[in-house]
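> Structure for this input, please:
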Amino acid sequence: MDDWLKDSDEVGPSWLTVDLAIFTLRDDQLMVLLVERGLDPFHGMPAMPGGYVQKNETLRDGALRELAEEAGIDGSRLHLEQLGAYADPGRDPRGRVVTVAYLALGPDLPAPVGGTDAARAFWAPAAHLEDGTLTLAFDHQAILTEALEEVRRKIEYTAAATAFCAETFTLRDLRTVYQVIWDQQLDPSNFRRKILNTTGFVQPTGDQWLPPTGRPAALYRRGQAWLLNPPLLRATTTGSRG
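A predicted model of the protein is given here:
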């Protein structure tokens, strides 16, 4: 370490953590994973799953470990990517703590099981992040609100919506993902046309889903494309859009 750092009054110790913004669809509702903190600070308050990065692990490995320890969920099966770094000096009363937030998406994830310093883990409606129902520890309200908007934006331009679907799915399943996340009703015919005209978005499996009543529906899987061209843009005014 440079000598000037040792004697500096401007540079102090800091710690590195990872926090996880985990979203899934359960019963046609967008849900976010939260834990109840079992320790101070913010004892008893809901928070994002996360914790300190250990000295010999990568950020991603730390995120996967915390997800398993605090919620009992295998993160290796999720779509996982970095959301951003958050480092406001006053964000943690314990000292200067920089956190790297990860965005994780998965289909109909199971009921979580709390562990380590999480008293319990639970799914909460993502809408409660914006309607004032939830009050979260640290700056997690702001991080999750940002993560929620990132999910809404990401499914416009990428194939991220398929991360909320099973390995094979119908176009109705995929349309439900868009409708729930955007909170907008989409015209089925327009949606089908746009999906099938977006090169590489989905691939037909050749199989069909047979409902108890009604007509069979073709099954698809995610295609080779990640970036969507053209993108599927949200409606900017009230009303249906395909």
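
> Helix or strand with the lowest mean pLDDT in this structure?
Here the helix or strand of the chain ranked lowest by mean pLDDT, DSSP states H and E is helix 3-6, holding a mean of 56.

> C-terminal to that one, what's the next element?
strand 15-26 (DSSP states H and E).

> Need the CA coordinates for that next one. PDB is fine.
The C-alpha coordinates for strand 15-26 follow below in PDB (Å, rounded to 0.1, in the frame of the first residue of the first chain):
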ATOM      1  CA  TRP A  15     -16.100  -3.300   3.000                       C
ATOM      2  CA  LEU A  16     -17.600  -5.100   0.000                       C
ATOM      3  CA  THR A  17     -21.000  -6.800  -0.100                       C
ATOM      4  CA  VAL A  18     -23.300  -8.300  -2.700                       C
ATOM      5  CA  ASP A  19     -27.100  -8.000  -2.700                       C
ATOM      6  CA  LEU A  20     -29.600  -9.700  -4.800                       C
ATOM      7  CA  ALA A  21     -32.700  -8.400  -6.600                       C
ATOM      8  CA  ILE A  22     -34.500 -11.600  -7.400                       C
ATOM      9  CA  PHE A  23     -37.800 -11.600  -9.300                       C
ATOM     10  CA  THR A  24     -40.100 -14.400 -10.300                       C
ATOM     11  CA  LEU A  25     -43.700 -14.900 -11.400                       C
ATOM     12  CA  ARG A  26     -46.000 -16.800  -9.000                       C
END
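
> List the buried residues for whichever helix or strand comes after it?
Following strand 15-26 in sequence order, the next helix or strand is strand 29-37 (DSSP H and E). The neighbour-count check on strand 29-37 (16 or more other CB atoms under 10 Å) flags 30-37 as buried. Every residue, glycine included, has its C-beta placed from N, CA and C.

> Quickly list what W209 is bridged to.
A217 (DSSP bridges).

> Which pLDDT value belongs to it?
We have a pLDDT of 93 for W209.

> surely it meets L171?
No. Counting by CB atoms under 8 Å, W209 does not reach L171; the two are 10.5 Å apart.

> and for those two, which residues touch both?
217-218 (CB atoms under 8 Å, 6 or more residues apart in numbering).

> So for these two, which sits in the more crowded spot?
Shown here are W209 and L171; by other CB atoms under 10 Å, L171 has more neighbours (17 against 14).

> Grab the nearest non-local neighbour of that one.
Of all residues not flanking L171 in the chain, R192 sits nearest, at 5.4 Å (CB to CB, 6 or more residues apart in numbering).

> cool, and L59?
Nearest one to L59, counting by CB to CB, 6+ apart, is V100 at 5.3 Å.

> cool, T158 as well?
Nearest to T158 is W226, by CB to CB, 6+ apart, at 5.5 Å.

> roughly how far out does the top helix by length along the chain sit from the chain middle?
Assignment by DSSP state H gives helix 140-157 as the longest helix of the chain. Distance, stretch centre to chain centre, for helix 140-157: 8 Å (CA atoms, centre = their mean, to the nearest Å).

> ok and the helix or strand following that helix relative to strand 29-37, angle-wise?
Using DSSP H and E, the helix or strand that directly follows helix 140-157 along the chain is helix 171-182. Computed by axes from the mean of the first three to the mean of the last three CA atoms, to 10 degrees, the angle separating helix 171-182 from strand 29-37 equals 50 degrees.
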